[in-house]
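1. heads up, no residue letters with this:
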């Protein structure tokens, strides 16, 4: 049985969400810079979505499904080399919100690529009963 953010951390300070998002971003960065994409695979739900607004593909592009997203990331990361993923201090802190009827932790993050700086939004969901293992599922 999955826990919801409400039952785990809704009343927790934003530092809890910040720690969870920071951990996810660090794992994602580690995963895209390693030859094996196993780390990245574990960070996404099977039914997830990725919307790129020029940052990686130079297109406005939506990709759905874990397999398609992994394929896109694998083909792009050697060219774009995203790095330095972090939560900027001058934007809204990570927070609990409801998107498409799902409670998520939503956070703005910044990063750099070989060609410039960019921003993104990540929406993470709780996945286990023991801990809040966050996975990406854009809603």
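-> Nice, thanks for sending it over. Predicted model only: the values in this text are computed from it and were never measured.
2. so how far is residue 46 from residue 112?
-> 29 Å (C-beta to C-beta, to the nearest Å). All C-beta spots, glycine's among them, are computed from the backbone N, C-alpha and C.
3. Which one's more surrounded, these two?
-> Legend: neighbour count by other C-beta atoms under 10 Å for residue 112 and residue 46, higher for residue 112 (15 against 10).
4. Report the contact partners of the more buried one.
-> Residue 112 is in contact with 82, 83, 84, 118, counting by C-beta atoms under 8 Å, 6 or more residues apart in numbering.
5. swap in residue 115?
-> residue 80.
6. re earlier: out of the contacts of residue 112, which is most surrounded?
-> If you count neighbours using other C-beta under 10 Å, the busiest of these is residue 82, which has 20 neighbours.
7. Give me the subset of the contacts of residue 112 lying in strands.
-> Judged by DSSP state E, the contacts of residue 112 include 83, 84, 118 as members of strands.
8. Buried residues of the longest strand anywhere in the chain, list them for me.
-> Criterion DSSP E: the longest strand present in the chain is strand 102-112. By neighbour count with 16 or more other C-beta atoms under 10 Å, strand 102-112 contains the buried residues 103, 104, 105, 106, 107, 108, 109, 110, 111.
9. these two touch, right, the last one and residue 77?
-> No - counting by C-beta atoms under 8 Å, residue 111 stays clear of residue 77, with 11.8 Å between them.
10. Residues in contact with both of the two, list them for me.
-> What both residue 111 and residue 77 touch, as defined by C-beta under 8 Å, 6+ apart, is an empty set.
11. List the contacts of residue 28.
-> Counting by C-beta under 8 Å, 6+ apart, residue 28 makes contact with 39, 40, 43, 85.
12. re earlier: quick one: which two of the contacts of residue 112 are the most distant?
-> Maximum pairwise distance among these (C-beta to C-beta): 11.2 Å, between 83 and 118.
13. So for the two, which residues contact both of them?
-> 111, 112.
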